[in-house]
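# Everything below, folded, please.
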Amino acid sequence: WEDARIVFGRIRRLPFEVVAVKPLVESDRAVELIETGGNTRAIWMLRHYLEVSQSNLKRFGLENAHRDLQPYISGASLDWRSRGATDETRETVMELLREGLEPLDAAALFWWTRNQLYFDQKLSEDERIRILRYERARRSPEDVVQSLSRYIGVPLPVHSTVHRVRTRRTGSRASVLNPKVEALCATMWEAFEGCPEL
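Presented below is the predicted three-dimensional model:
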């Protein structure tokens, strides 16, 4: 993104009651963006780590997950992939990388680092942000739109929802993670159970 004040200035000039934006690589600045946005509500989209990891490898290639973790090795703290990470997160990544990770493991570890930002910023304590599970959006889009309408206080066209959420495909892709990576991700997945959801 450009400077958040510039972006939100442009958004405010749009002739729409609701504008959705997706600052994916700015996840480490969630609170700042919400505050700069003014009358803003945020959604933290959450998808199961194994599905995200498999999708990452399929879409971007087997080398991509290790590339995503490279800023942790090089100490590139301004790179969006590692920006905002705590020392503890960096140490965890470095330790696991030293042990050697398969591409699927690296992709899952990257999922863990990105979602760790939710907890590091204490977003569960912020009334302006809610978790939305990808699986729920895929399964019940009308229900999600109704919940979103209540959350933002603006009636949305529930019955004009277009079903374009891709369904999961079964296949022979790897699905077994390194036990340490699996434990990290599973613990985090469970930690989201107590967070405010849409």
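# When you work out contacts or count neighbours from here on, use the C-alpha atoms and nothing else.
Will do.
# Just say helix, strand or coil for Ile131.
Following DSSP: H, G, I helix; E, B strand; the rest coil, Ile131 is assigned to strand.
# Give me the nearest residue to it, chain neighbours excluded.
Leaving aside its sequence neighbours, Ile131 sits nearest to Glu197 (C-alpha to C-alpha, 6 or more residues apart in numbering; 4.4 Å).
# In contact with that neighbour, which residues?
When contacts are counted by C-alpha atoms under 8 Å, 6 or more residues apart in numbering, Glu197 touches Arg130, Ile131, Leu132.
# where do the strands sit along this protein?
For the chain, the strands defined by DSSP state E cover 42-46, 129-133.
# right, so those strands: which one is the most enclosed?
Of those, the one with the most neighbours on average (mean count of other C-alpha atoms under 10 Å) is strand 129-133, at a mean of 20.
# what residues does that one touch?
With contact meaning C-alpha under 8 Å, 6+ apart, strand 129-133 is reached by 41-47, 123-124, 195-198.
# picking up where we left off before, want to throw the strands of the chain into a markdown table with mean pLDDT?
Formatted as a markdown table, those follow (pLDDT from 0 to 100):
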| stretch | mean pLDDT |
| --- | --- |
| strand 42-46 | 96 |
| strand 129-133 | 97 |
